[in-house]
Structure formats: C-alpha cells, structure tokens
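Q: let's see this in three dimensions:
(chains A and B)
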2 protein chains.
Amino acid sequence: MNGAGVTMDGGITFPQGFRSSGVACGIKRSFRPDLALVVTDTEAAAAGVFTTNRIRAAPVVLTEDRLARTGGKTRGVLVVSGVANALTGPEGRKDSELLLDAAERSLGVPAGSLYHAATGVIGPRIPVDLVTKHIPEAVGFLEPGRNAARRSASAIMTTDTVAKEAAVVLRRANGTKFRVGGMAKGSGMIAPALGPPHATTLGFLSTDCPATPEGLQKILSEEADRTFNMVCVDGDTSTNDTLLVFANGRAGGAPADEDPALRAGIGQVLEQLARAVARDGEGATKMLTVKVSGAADTGGARLAARAIARSVLVKTALFGSDPNVGRIACALGYSGAGFELDELRVDLEDGNRRWPLIQEGHPVPGLDNGAGKRLHTILQRMDEVVLRVELGQGPAGATAWGCDLSYGYVQINAQYRT
Amino acid sequence: MNGAGVTMDGGITFPQGFRSSGVACGIKRSFRPDLALVVTDTEAAAAGVFTTNRIRAAPVVLTEDRLARTGGKTRGVLVVSGVANALTGPEGRKDSELLLDAAERSLGVPAGSLYHAATGVIGPRIPVDLVTKHIPEAVGFLEPGRNAARRSASAIMTTDTVAKEAAVVLRRANGTKFRVGGMAKGSGMIAPALGPPHATTLGFLSTDCPATPEGLQKILSEEADRTFNMVCVDGDTSTNDTLLVFANGRAGGAPADEDPALRAGIGQVLEQLARAVARDGEGATKMLTVKVSGAADTGGARLAARAIARSVLVKTALFGSDPNVGRIACALGYSGAGFELDELRVDLEDGNRRWPLIQEGHPVPGLDNGAGKRLHTILQRMDEVVLRVELGQGPAGATAWGCDLSYGYVQINAQYRT
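A: Okay, here's the model as predicted:
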C-alpha cells in the first residue's frame, strides 16, 4: 500500500468535524443501544456502495436515492439496529422518511441531507413512534471524541460481540495531515456480492481530507471490492448491506481524489474493519485469512480466495483443527479461478514459519498420520489461521477473510426468533 | 411426468441382465464394504455426466475418456469408496487403470470396457495391491437380485447412513415393459454444479430398455439438471461427482431414445435417488423441499429454488424450527432469479394444508408472536418441510432438495481426519 497511515485508537469521530451518538430506543428487547447518529458539522462529499440483493431494504433504496439527488452531499447518517426495514413495501419507505425528517428537523440541517441504514430482523416494520421519540436524545448526545465514537459503533451491533472501529492518520503529498475513521457491524448474513457497485454488512467511514463525490466513489468502489467484498462469514448476501464514506474537507486543501494517500487511508480503514467483521463472525472460534498469489488476474485471485474462505467444509475442518487439504483443493477447483495444478502450492503460515500442505499439486506426504497430527496440534493453538495459496499462473493476488463454522454458529442461527 | 412408472423395491440389478456385488477390501478402517462392481451381461449403451470442478479425480478423467473412446459402450463400472483418488497426479490415473485391467481380466470382458468411480478422502493414493487382491472376490460374488443390489449400494457409502436405491417398471408406447434401477451415495460435499454436462455425488442407473448412447446422453443430461443438480447439502461441488446410466436393451425392441417412457423412467429413478441423498445429508434432522413456480423460465426457477435450499441461514433456521421468512426472501433476492416482489408468495406445505408465510411480498402478520409460535410448533413435528414459492412472473417452475444444518453436521465435518 502506498504511504500507509499510522493506526490510531479511534473510530468514526476521529477526523475533525464529525460527531456521533448512540442511544437505546427499545427496539432491541435487550434494551441495548439501537439508534446511532453520525453528523458532519459542515456538508461533506459522500459516496456509497450497496447490496446487490434484489430485495433491497427501504433504507438502502432511500439512501441510494438521496446520494444521487444530492449529487453526493450529506450531513450525516442515521442507523437503526434490531429491525432491517426490509420486505416492508412502500410503508417501510415512508417509515424511514419520517425518521429522517424528524432527525433533520432536530438537527436543523436541510431536508434530504441525511442518509440512512438499518440492520436486524427482516419483515417487521420500524416502530416509528418509538424511534422518533428518541431522536432528540440522539441529537442531544452528539459529541466528538473517543467515547462518542464507541457509543455509535456499539449502537449498530446486532449479533456482533465487539464494536468494530478503525482510525488512521496520514500525510498528503503536499505535507498536509488528514485523518480517516470508521465503524462497521457484521457477524451474520455476510458474503461477497458479485457485480459492482456492491457492499457487505454495514460500514461507515469519515475523513477530514477533501475530495469530490466522484473521486470518493471511485476510491470506495475499488477498495470495497478488495476489502469488504472479500469477507465471507456464511455466504448469504444481505438485503441491507450499506457502506458509506463522508469527506468533509476540514483538513484543508484541494480535493485529494488522485492522491494515493487518500486511497491508502480509506483502504486501510476498510481492511481493518473487514478483518474485524471476519474475526467476529457468528460463533467464530478461529479467524481464517486466505492469501492467494500467482493468479492470471485479480478477478481470478479473488474468486479463489473467496471460495476457500466461504466453503462450509473448509470452515468446519478449521473448527476441528483438521488440516484437510482436500477440501481446500476442492473449493479452489469449483471457484472458477484458473490455476496450474502442477504448480499449485498451499502453505499454512504460522508466525514466521510456513508449513507446506500442498506442493506441486500433491498433498505433502504423511498428512494421514505424523505430519497431519503435527499440523492438527499447530492449528489447535492458532486463533488466526493464514493459508497461502500459490496458483502458478501469473502475477495477481488477493486476500479473503473468514472464520470457522462452529456449534456456536448453529446455536445462534437455529434459535427460534433470532 | 408422462407415463409415470410403478415404483418397486429394487436397485441397480432390478432390470434384466445386470449383476452386482459389494465387498470389503479394508480401505475403510471400519472394514465396511468399500468396493462395488456392477456389470451388464451384454454390452450396454452408456451415458455420463461429471463434476465441473476444475480438479477432477483420476476415475472421473478415466471414465470420461473411456466413454468417448468406446462411443458410449460399456460392460459395467467398478466403484471404490473411502479414497477419492483425487489430487494424485499421473500416478493416480495409473492406479485406476491397474484396477480396471485386473477387473476386466477377471471378468473376461474387453480391455477398456469397464468404467470407474471413487469417493472418499482427497489426497491419498488408492491402495492398489489391497484392492486388486479383492477383485476376484467382487467378481465371484456378482449376482442378480435384491440382495446383490443392496450389497453394492452399501459398498459405495461414505458418511451416508442408509443405502440409496430406486427401481421402477414402465411400459413403452408399443406395450413392451421395461425396468429402470439405480443406486447413489451422497451425504457431504454436495452442491449443484453449474454448466452442463455436470453431476453431483455418485449415481448409477441401469435399464433393460434399448437406447443409443446419444439418446441416453440427452435424456441423462436434461434429467440430471432437474434432479441431481437440484440437491444442496453443503454447497461444495466435489472433485469426484459421477452419474452414469447403462442401457443393455434386454427388454427388446428398437431404441427408445424418443419414447417419453424411457425419459420418465430415468427421471423418476434420478428424482427418487436425489431425494434420498438430500434426506440423508450429513447430520440432517429435517429434509427441505423447495418448489418454485411462476418463474419466467426454468433457469430462473432453478436459481431461486437452489439458493433457498443452499442458504446456510435458511438451513440453520430450519434446524431450529424457526419460520424465518426474512432468510427465505434474502436468499431469493441474491439468487439471481427474477420475480415480482408485489406478487411474491411463500407457503409452508403441511400435508393438505398450506400455511402462508409471505403474501404479496409481505410477511404475514403475527410472525413475531402468535402466528410465529404456531408455525414453530408445526415445524417442530415435521420431518420433511416443503416450501412453495410463487414468483409471479411466468409459467416456469423447479424443485430443489436439501436439508437442515445441525450440530451433527458440524460434528461430522469438524472431526480431525474425517
């Protein structure tokens, strides 16, 4: 990555001019926070990518519409968790509009300048009265700083077990410093969606670097393909996936559309959030990173990495710490990616060491007994498993992130009324 | 189905002129039968469909090659279970050839006239000496009749819990009776493969109806798309999938290539075997049948049915008897199938009753409380869950078969060295 930024402890409010809050309306039966608000004190350029699911939740339709109508200008985003507002028809769209109207009035920002996202159960309507009643509270609690960022990151969680935040500081070519922050939620109904523009899970990024909406959109679409779209928890592409980035320009200077530092900053925050989503997959006991090299092109590398990270059989083998190379090869075989079987190489990365699993297209000897037992023991103590897959065809590579499939995943998803 | 056949108790030896056997070589540590042999007493026309996985096991490559070289003429098939002979390079191919040579010599049939399939662990070589030693036994035990069919169906099992067999008797347009029999194995690494010709799991069909290899191939390819390719256990397309049909013509008469009765018989046996594979999916506690109607074309109907039957979130909800309509709609949304959301209807079929889940694109009221609890209770007592999905677009339909995803599935697949 060009001009990698310095990772900081922070989230969505890390860049200048952003404030956020998270409050509990009572949508979630647990009475955990379920309404997050993020605002930029001055109008920001905005870009977004959205689910490719044919059933699009009302907040997705509404936000995409507002992004187009405003020409990519916004004052912030209102996020509801606990109910997806999907499969709710025109009434659901109206519900979301009522919420945004109330929030815009309470904030004193122009009508149509707020965006919207939601996550949770598909089917039920949003309890509009309940949420509207708490909007003044969400506005009143808006603050810059670390705690406010954490509160909003917590308020967008569903089955997530930890809040997911990232922050970096970088320097532009001209020497100006700028910041990028972000928050995301993940956990379930997570899979790469095919065909740009697309996104997975909810993610929100803020930066004080100046950019045009067009420049921002190009960077977001490309970096989302490399990061959020390479996360595989369960293979189900949600109706609500939304990824938004806001650039309010408070760091000063001319638009950084072509400055590699802006791309690096957005890419780095997206990658940190993507990894956090994979690590916190529903029921996950181990994170899986699949690094593919030697592909003919990036598209092929991504197909290969995603197929391995998505395979239910690879995931269950990982849960059992089983070095089951056949399942890795099988997933690669049906991925659609090209490779030279005679040059196929798969290694397990263990800190600075690499344990070969497949060499020149053949499983290494002894996987059925001695070598297999040793790898089993190594896998048992790993929290993050890194597989390196060399396809032997060309110069392109890609990385995908996933996790294992455990008894916990089945428990979380089999409970009546999740 | 035109002229549906009468279902009988029988398997691969049900048609005239077929004999089979199943013996234990000791490839499986359990010492269960692991070598099956099926022969036709006179040369039969043959057709086959094979995995679309880019990594193709040696038996797949070899059989496809022999099918082409013989112009679709065979004397039978030798099936090994416990080891896939995949990822074994040219040595693996040689191993398979040695086994077929030995079997052909022992049977006294022409070189090149036997086909081959294997299923089991990917990576290890076949223990050729061990298997060769038991080939005379497999030949010696060849018999017609019910018990021999069951022995061969048992010998091809891996994690299957029951042998899968089917048999029907039909009458041709000219009045001649003929028979179709078959056996299959399934259980895991099961998913529809895209792009014909393709197949899933192992399946073998026999008929005494006469047909040309070309006519047989056409029927098999089309009926496999409708049946075996609509089974979804885990979404992983294996390296070894093979589906073969042999027609020895012993019932007499001219080739029945265009006789709807032959297509009906083959289709009926394939469908029975496909259902048996879905019902016996690894760890399955409930079978799932998804019947889609109202699609613009068959391709769209199949996409929709498969996506729902394959969704990990639908499968876990089913395990928990959760009437989670959002997950069904979500899977439909990313399936790639077209539908009219305003006319979308999903019903749960319960014997002669139908319980609506989604009407005119909206979940039925009360799924969060009263109606949901009632459906939960209904689902709890069902072994086979049938979902009817009406897309509201056109005249085409399709059916997919799957099963739930249980703790048992994770246990089976997470055990070190499966």
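
Q: next one: the strand ranked longest in chain A, is it in contact with chain B?
A: Ranked by residue count and defined by DSSP state E, the top strand of chain A is strand A:35-50. No: using C-beta under 8 Å from any C-beta of the partner chain, strand A:35-50 stays clear of chain B, with a minimum separation of 12.6 Å. Just so you know, the C-beta spots here come from the backbone N, C-alpha and C atoms, and that holds for glycine as well.

Q: partner strands of the lowest-mean-pLDDT helix or strand in chain A and their direction?
A: Lowest by mean pLDDT, DSSP states H and E among the helices and strands of chain A is strand A:231-232, with a mean of 84. According to DSSP bridges, strand A:231-232 forms sheet pairs with strand A:396-403 (parallel).

Q: is A:Leu244 within a helix or a strand, and which one?
A: strand A:242-247 (DSSP states H and E).

Q: that strand versus strand A:35-50: what angle between them?
A: The directions of strand A:242-247 and strand A:35-50 differ by 100 degrees, with axes from the mean of the first three to the mean of the last three C-alpha atoms, to 10 degrees as the criterion.

Q: with just CA atoms, put strand A:242-247 into CSV.
A: Output of strand A:242-247 as CSV, limited to C-alpha atoms (Å, rounded to 0.1, in the frame of the first residue of the first chain):
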residue,chain,number,x,y,z
THR,A,242,-24.5,-0.5,3.0
LEU,A,243,-21.1,1.1,3.0
LEU,A,244,-20.8,4.9,3.1
VAL,A,245,-17.8,7.3,3.3
PHE,A,246,-18.0,11.0,4.1
ALA,A,247,-15.3,13.5,3.4
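
Q: give the buried residues for that strand.
A: A:242-247 (16 or more other C-beta atoms under 10 Å in any protein chain shown).

Q: ok, and what's touching stretch A:408-418?
A: Identification of contacts with stretch A:408-418 by C-beta atoms under 8 Å, 6 or more residues apart in numbering or on different chains yields A:121, A:159, A:188, A:234, A:281-285, B:312-313, B:316-317, B:319-322, B:324, B:368, B:372, B:376, B:405-407, B:409-410.

Q: how about a cut-off of 7 Å?
A: A:159, A:188, A:282-283, B:313, B:316-317, B:319-322, B:372, B:376, B:405-407, B:410 (C-beta atoms under 7 Å, 6 or more residues apart in numbering or on different chains).

Q: now a PyMOL select for only the buried ones of those residues.
A: Command for PyMOL that selects the buried part of these, burial taken from 16+ other C-beta under 10 Å:
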select buried, (chain A and resi 159+188+282+283) or (chain B and resi 313+316+317+319+320+321+322+372+376+405+406+410)
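
Q: in helices only, show me the contacts of stretch A:408-418.
A: The helices, defined by DSSP state H, take in B:313, B:316-317, B:319, B:372, B:376, B:407, B:410 from the contacts of stretch A:408-418.

Q: export those residues to JSON lines and append columns for distance to A:Leu205 and pLDDT.
A: Converted to JSON lines, the ones in helices among the contacts of stretch A:408-418 look like this (distance: C-beta to C-beta, whole Å; pLDDT from 0 to 100):
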{"residue": "B:Leu313", "distance to A:Leu205": "27", "pLDDT": "88"}
{"residue": "B:Thr316", "distance to A:Leu205": "31", "pLDDT": "91"}
{"residue": "B:Ala317", "distance to A:Leu205": "32", "pLDDT": "92"}
{"residue": "B:Phe319", "distance to A:Leu205": "37", "pLDDT": "94"}
{"residue": "B:Gly372", "distance to A:Leu205": "37", "pLDDT": "88"}
{"residue": "B:His376", "distance to A:Leu205": "40", "pLDDT": "93"}
{"residue": "B:Tyr407", "distance to A:Leu205": "38", "pLDDT": "90"}
{"residue": "B:Val410", "distance to A:Leu205": "35", "pLDDT": "88"}
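
Q: state the pair within these that is farthest apart.
A: Spatially, the most separated pair among the ones in helices among the contacts of stretch A:408-418 is B:Gly372 and B:Val410, at 26.1 Å (C-beta to C-beta).

Q: which ones are touching the closest residue to chain B within the stretch 101-250 of chain A?
A: Using C-beta to the nearest C-beta, the closest approach of the stretch 101-250 of chain A to chain B is made by A:Ile122 at 2.5 Å. Applying C-beta under 7 Å, 6+ apart, we find A:Ile122 in contact with A:84, A:86-87, A:239, B:326, B:329-330.
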